[in-house]
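> 3D model of this:
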Amino acid sequence: MPLATRIKLSLMMFLEFFIWGSWFVTMGTFLGYNLQATGAQTSAAFSTQSFGAIIAPFVIGLIADRYFNAEKILGLLHLAGAALMYMMYISDSFQLFYPAVFLYMILFMPTLALVNSVSFRQLNDPEKEFAPIRVWGTIGWISAGLVISYLFHWDSSEGMSQGLLRNTFLMASLASLALGIFSFSLPKTPPRAEKGQQVSIWNIMGLDALKLLKDRNYLVFFISSILICIPLAFYYQNANPFLAEIGVSDPTGKMTIGQVSEALFLLLLPMFFKRFGFKATLLVGMIAWALRYTLFAFGDAEGGLWMLIVGIALHGICYDFFFVSGQIYTDSKADTKIQSAAQGMITLATYGVGMLIGFAIAGQVTDIYLQADGLHDWNSIWLIPAGIAILVVLFFLVLFKNEVLRKKSESQTVKQ
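Purely as a prediction, here's the structure:
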């Protein structure tokens, strides 16, 4: 690959995740402090991610794959996103904020697939060449958190009292504008599907892969994937507001430890996967969810700060060992004709259905444990997702039969 192309793709990934990391991590804190949003309203705002994930396949399958170059659609979506992000920046009530964030996530979620499409079309050996490009996305997310906490101090007690956390949306708007313009200079990525080719809604949503659910092991994994998204939603929605409320300094910056951990454990995953197998890998990932929330429940901003830091650092195990392993498992179970459909189905089930349920529960729980002084009973809040994670562990441990995964070239998996 030419160096200029590699640089362009890396910058595209950096900006894509810099934008997301600029506002998504701190949105819960902003809504509570600046717009006095309830837990239910905050969960509604985060649930827009799920609606975006559900609608995204239609944007990709009906438009990007059939009529227009991927880089052009990427540019247009980010230009429109910049305007919506600015509307979020100037919103002074949740009633004005919510329509903007809803429309924004409908436009943003398809861009996650588009940046991958643009990248893969330029790669000769994706297995080797994609990771060094994709890692710039993680660096972008980390950079956004460091900028918020350590450069501008928007999430400090003083910054939040002055309403400076609102500036995260302005920063994301400017970055989205930059990526929107930059996208038109990316390598041309024309659609591959023929314009007259018939395609069904069933195909677009990846539902051709439903036949995988006839396999008992995969059905257990599929249900576990949806259920584990409930604890995941608690982290996305409540972690930053929790750290800010109990007085942890530079909470957004500290949360970038999770992304550093994610990158490191992604490198360790193949070794662990090969040595201990799929079932053990997923169990470790799910147990890590229960452990991190237990640490959150009993940690504090002083003597228990180490517990909070360890809980954040467990993000790499929580995410990589379950979700990335799940993608590998899904790929191994699906034959070549439905591999793409299978990935679409598991994404729809987790980020769509699972997270939608999770955010709704997290919002209700957060409201229930709101105290008279305006603070939350975080010990009780965090023990609930910890308990849910333990139940998912037991469900998976008992019902999933250990199996050895075959390579793609081998059509069947062999049970031990």
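> name the helices or strands packed onto the host helix or strand of Met13?
Of the helices and strands defined by DSSP states H and E, Met13 is found in helix 3-23. Where contact means 3 or more Cβ pairs under 8 Å, 6 or more residues apart in numbering; DSSP states H and E, helix 3-23 is packed against helix 70-90, helix 94-120, helix 126-146, helix 167-183. Where C-beta positions appear, they are placed from N, C-alpha and C, glycine not excepted.
> Where does pLDDT dip in this structure?
59-66, 127, 192-208, 336-341, 405-416 (pLDDT under 70).
> Kindly report the domain assignment for it.
The record's domain parsing of the chain by automatic domain parsing lists 1-185, 200-416.
> Please enumerate the strands of the stretch 151-300 of the chain.
Using DSSP state E, counting those that start in this stretch, the stretch 151-300 of the chain contains no strands.
> export stretch 291-311 as CSV, just CAs?
Output of stretch 291-311 as CSV, limited to C-alpha atoms (Å, rounded to 0.1, in the frame of the first residue of the first chain):
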residue,chain,number,x,y,z
LEU,A,291,-15.4,-8.1,39.1
ARG,A,292,-15.2,-4.5,37.7
TYR,A,293,-18.6,-3.6,39.0
THR,A,294,-17.9,-5.0,42.4
LEU,A,295,-14.8,-2.8,42.5
PHE,A,296,-16.8,0.2,41.4
ALA,A,297,-19.4,-0.6,44.2
PHE,A,298,-16.8,-0.5,47.0
GLY,A,299,-14.2,1.9,45.6
ASP,A,300,-14.0,5.6,46.3
ALA,A,301,-12.0,8.7,45.3
GLU,A,302,-9.5,8.4,48.1
GLY,A,303,-8.2,5.2,49.7
GLY,A,304,-10.3,3.1,47.3
LEU,A,305,-9.1,4.9,44.1
TRP,A,306,-7.0,1.9,43.2
MET,A,307,-10.2,-0.2,43.0
LEU,A,308,-11.7,2.2,40.5
ILE,A,309,-8.5,2.3,38.4
VAL,A,310,-8.4,-1.5,38.3
GLY,A,311,-12.1,-1.6,37.4
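> Tell me how many other residues surround Val260.
Burial measure for Val260: 16 neighbouring residues, criterion other Cβ atoms under 10 Å.
> just to revisit the earlier point, and the contacts of the helix or strand following the helix holding Met13?
Next helix or strand after helix 3-23 toward the C-terminus (DSSP H and E): helix 27-34. Contact with helix 27-34 is made by 23, 37, 41-42, 45-46, 94, 97, 101, 155, 160, 163, 165-166, 168, 237-238, 240-241, 244, 251, as judged by Cβ atoms under 8 Å, 6 or more residues apart in numbering.
> Can you turn the buried part of those into a ChimeraX selection?
Selecting the buried subset of the contacts of helix 27-34 in ChimeraX, with 16 or more other Cβ atoms under 10 Å as the burial test, is done by:
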select :23,37,41,42,45,46,94,97,101,155,160,165,166,168,237,238,240,241,244,251
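> Mind checking which of the contacts of helix 27-34 are in helices?
Under the assignment DSSP state H, the contacts of helix 27-34 contribute 23, 41-42, 45-46, 94, 97, 101, 160, 168, 237-238, 240-241, 244, 251 to helices.
> Show me which of those is closest to Tyr150.
Proximity of the ones in helices among the contacts of helix 27-34 to Tyr150 (Cβ to Cβ) peaks at Pro251, which lies at 11.6 Å.
> residues touching the closest one, list them.
Counting by Cβ under 8 Å, 6+ apart, Pro251 touches 29, 149, 155, 240, 243-244.
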